[in-house]
Every structure is written in structure tokens, then in C-alpha cells.
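> coords below, sequence missing:
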Ligand code: SAH
Ligand code: SF4
């Protein structure tokens, strides 16, 4: 059985040709899959019964089963743990961010404007997906890093996570609005399959998900950052920096032995020059390690002149790492120090903490390793 989402349009066209189907059939299947979001052959009522039977015999639409899903208590986050046929586990998380007019404190005195449907249209629904089962990069604070590398996901296994949620949201008349590669795994360590998944989801005759609504987050693999820059994609790029001196970063992220901070930043400059796009730096705030105003000032002087933005988020606690999360007050001070030195910074709130929504954490909870 082949996973239908593993097929790009030319491959699907060839397959249908082998089955003696006319050329236009491939487009019909493609549109059924990615525009109508069908998830079983029976739904393709515009195809012949014999073709639907062939699809049932040869193609699968669901490459994993749902092992667990959890909704956060505020109802804004749904996390799904999928089990692959080889028993490996991957995660995908949907996060809803309301319109500022509706959130964060709706009160009886300021009731949100519009019908639920209109409010739904203003809301952002960001889907965080995995590119690998486990991860080989070994960042010490990360639950996925703590479990090690299991295997690469195919492009279709990446696409299928999106389709699963898109099909679910469709039932409520909703759509995914952003896709971030911040689930399990290092997307640039599975470069080809990640890009193939983006291309498949971006196809204008299919799902047509805009390139600018994707964000790739990388640990900082320099050759791939440069390759990505050369390809001049419109996809957003985020770099997990987390430290401003090499000693601290090596202790947190072993990859820094190979690619030092200055090399990563040079690759980012190259990216900005090639694409004219801003880079985001991710910063997990760890109490007393990387959250002081001195660190913020040092970071600002390193980043000066680079078109960028810092996304800081208090550390999500994991079983294998004893660092503590920065509290609100210190986080606000960090942001202020960075901004005073000219670098824009956002503090992201931890989402879905009650459902282990940090990277790799639900899998760890189920296997007893987090
Ligand atoms: N491998 C990629 C993408 C997946 S991790 C990368 O590292 O960028 C997505 C983001 O979550 C990264 O910025 C990563 O550093 C961060 N992260 C991992 N574990 C975390 C934790 N315990 N607390 C806060 N952020 C964490
Ligand atoms: Fe891998 Fe990213 Fe986790 Fe590091 S933070 S171990 S690169 S998933």
C-alpha cells in the first residue's frame, strides 16, 4: 500500500496512466484530495466504481492511527499523538489565537463582535507539525531531543498531519491558517521531504496553502540555511538560537560544536540578503541561564544590523532537564532590554502547558520518558 499523500501530481498522473485511466483523472483525484479534503475512496463519487476499488486496494489515506488526543483546559489547543505502523510516535498540535477584539479577557461588558462564524474567520489557527520521529540533534532542554532519533518522515507523512486537521476543521467550517514546522524533529535534517511536503501543500490546483503562511524552525544547520536562501522560497525562517555565547550554546545544543553562533548568523545575513525576508530567532527563556538584561544587551549587539525579530518563550519544563522557566517579570525585563537596544521582541505565552504541548512532550508522557 502506498500513502496517497506521498504522490506528487506527476507521480499520481503516471500511476493512473498505468491503470489505463484518461489523463484528466489525476486532476480529479488531486482536487478531491486537496480541495474537497476527501479521506476515503468512496467519497470520490465523480470517479468510476472500478477506479475507486483500485484506489482502495492500492492506496492508503491514513498513515497513522490516533494514539491519544488532548485538549487544553482553555479549549484553545488540541494535541494529537499519532502512531505510525512501525509503532513510532509523532505529534501535531493545533493552537487557536483569537482576534485581539475577542481575547484574552472577554467580559460581559465587552462582548466580542459578530457571529461565532465571523469570529472564527478572525481567529488564527496555527498547526504545529513534525518532520521526524524523534530528533538527532540532542538539545538538552527538549523532550524530543531527549528521546533521540527514530526515523525520517516521508513527505506524505508530513502532509497527512495537515490533512488530518484540515479535515477535522472543515466539519466546523474552519481552515488551518498557519503551519509551523516546530513539532518533533529537525526539518533541515529531513530537507528534501520537508520541501516536498511544502510544495505539495502549496500547489495552486490543490490545497493552495500560501508559502508565507509556513514557518520552518531550525536548530541552525548552516549549509541548509544557505541552500534554503538560494532557493528563495517565501516560507518564513526561524532559528533556535537560545544563547549568545558559544560555551552556553554548546552546553544546551550539541549542534553548536559543529556550527558556531557566528557562522549561523552569517548564514542568516546571507538569507536576508537573498530573500529580503526577516529572520526570527527563537529564545527559550531559562531562569539565570539566558534571561538576564546583560544577555539581552549582548544579544542585541550581535543581532544589530540584521533584519530580525526575537521570539522568546519561557522554557517548558521537561523530565530530562532541570532548568527553570523564567517568570513573567523577568521575561518582560528581557524584552525591554532587547527593545531598548533596538531589537524587536515578542514574549510568547506557553500554550497548552496542561496537555504537555511542548515539543515531544506528549510522546514522552505516553512512553513514560517525560
Ligand atoms: N528542530 C527544530 C524545530 C522543532 S523544535 C528547532 O529546534 O528549531 C521547535 C522549537 O521549540 C525550537 O525553537 C526549540 O528550541 C523549542 N523547544 C524545544 N524544547 C523546548 C522547551 N522545553 N521549552 C521551550 N522551547 C522548547
Ligand atoms: Fe531537535 Fe529541535 Fe528538539 Fe533540538 S529543539 S532536539 S533540534 S526538535
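Arrived safely. Since the model is a prediction, treat every value here as computed from it, not as a measurement. Ligands and ions are numbered 1, 2, ... in the order given.
> Who are the packing partners of the longest strand seen in the chain?
When the chain is scanned for its longest strand (criterion: DSSP state E), the result is strand 89-97. If you count contacts as 3 or more Cβ pairs under 8 Å, 6 or more residues apart in numbering; DSSP states H and E, strand 89-97 packs onto strand 77-83, strand 124-128, helix 155-170, helix 361-367. Bear in mind the C-beta positions are built from the backbone N, C-alpha and C, glycine included.
> Swap in 6 Å and give it another go.
Contact here means 3 or more Cβ pairs under 6 Å, 6 or more residues apart in numbering; DSSP states H and E; on that basis strand 89-97 packs against strand 77-83, strand 124-128, helix 361-367.
> Run the chain-centre distance for stretch 81-101.
Computed by Cα atoms, centre = their mean, to the nearest Å, the chain-centroid distance of stretch 81-101 equals 9 Å.
> hey, least reliable of the helices and strands packed on strand 89-97 by pLDDT?
Here the helices and strands packed on strand 89-97 differ in mean pLDDT, and the lowest is helix 361-367 at a mean of 59.
> Count residues in the vicinity of the residue nearest to residue 234 when sequence neighbours are not counted, would you?
Spatial nearest neighbour of residue 234, excluding adjacent residues (Cβ to Cβ, 6 or more residues apart in numbering): residue 211 at 3.8 Å. Neighbour count for residue 211, taken as other Cβ atoms under 10 Å: 13.
> what does residue 268 give?
Number of residues near residue 268 (other Cβ under 10 Å) recorded here: 24.
> thought it was touching residue 280?
No. Taking Cβ atoms under 6 Å as the definition, residue 268 is not a contact partner of residue 280, at 10.1 Å.
> how close does residue 228 get to ligand 2?
Noted for residue 228: a distance of 16 Å to ligand 2, by Cβ to the nearest ligand atom, to the nearest Å.
> Check residue 298 too.
Counting by Cβ to the nearest ligand atom, the gap from residue 298 to ligand 2 is 22 Å.
> same deal with residue 333?
In terms of Cβ to the nearest ligand atom, residue 333 sits 25 Å off from ligand 2.
> tell me the pLDDT at that residue?
In this model, residue 333 is scored at 97, pLDDT.
> would it count as being in a strand?
No. Residue 333: not assigned to a strand; according to DSSP: H, G, I helix; E, B strand; the rest coil it is helix.
> Tell me where the stretch 151-300 of the chain has strands.
178-181, 214-218, 236-240, 279-285 (DSSP state E, counting those that start in this stretch).
> Which stretch among those approaches ligand 2 most closely?
Ligand 2 lies closest to strand 236-240 among the strands of the stretch 151-300 of the chain, at 5.8 Å (Cβ to the nearest ligand atom).
> starting at the chain centroid, how far to the closest one?
From the chain centre to the centre of strand 236-240 is a distance of 11 Å (Cα atoms, centre = their mean).
> Contacts for it, please.
For strand 236-240, the surrounding residues in contact (Cβ atoms under 6 Å, 6 or more residues apart in numbering) are 215, 216, 217, 219, 220, 279, 280, 281, 282.
> Who does the second one form a beta bridge with?
Residue 216 has these beta-bridge partners by DSSP bridges: residue 181, residue 237.
> ok, it - contacts?
Residue 216 sits next to 181, 187, 235, 237 when contact means Cβ under 6 Å, 6+ apart.
> what's the answer for residue 81, then?
Taking Cβ under 6 Å, 6+ apart as the contact definition, residue 81 lies against 67, 68, 89, 91, 362.
> Equivalent analysis for residue 290, please.
residue 243.
> what's the spacing between it and residue 258?
20 Å (Cβ to Cβ, to the nearest Å).
> how about residue 254, what does it touch?
Counted by Cβ under 6 Å, 6+ apart, residue 254 has contacts residue 138.
> and if you look at the one 10 residues further on?
Shown here is residue 264, whose contacts under the criterion Cβ under 6 Å, 6+ apart are residue 220.
> Need phi/psi at residue 304.
Main-chain dihedrals, residue 304, degrees, to the nearest 10: phi -50, psi 130.
> Actually, residue 140.
phi -70, psi -30.
> Name the helix or strand of this structure that has the lowest mean pLDDT.
When the helices and strands of the chain are scored by mean pLDDT, DSSP states H and E, helix 361-367 comes last with a mean of 59.
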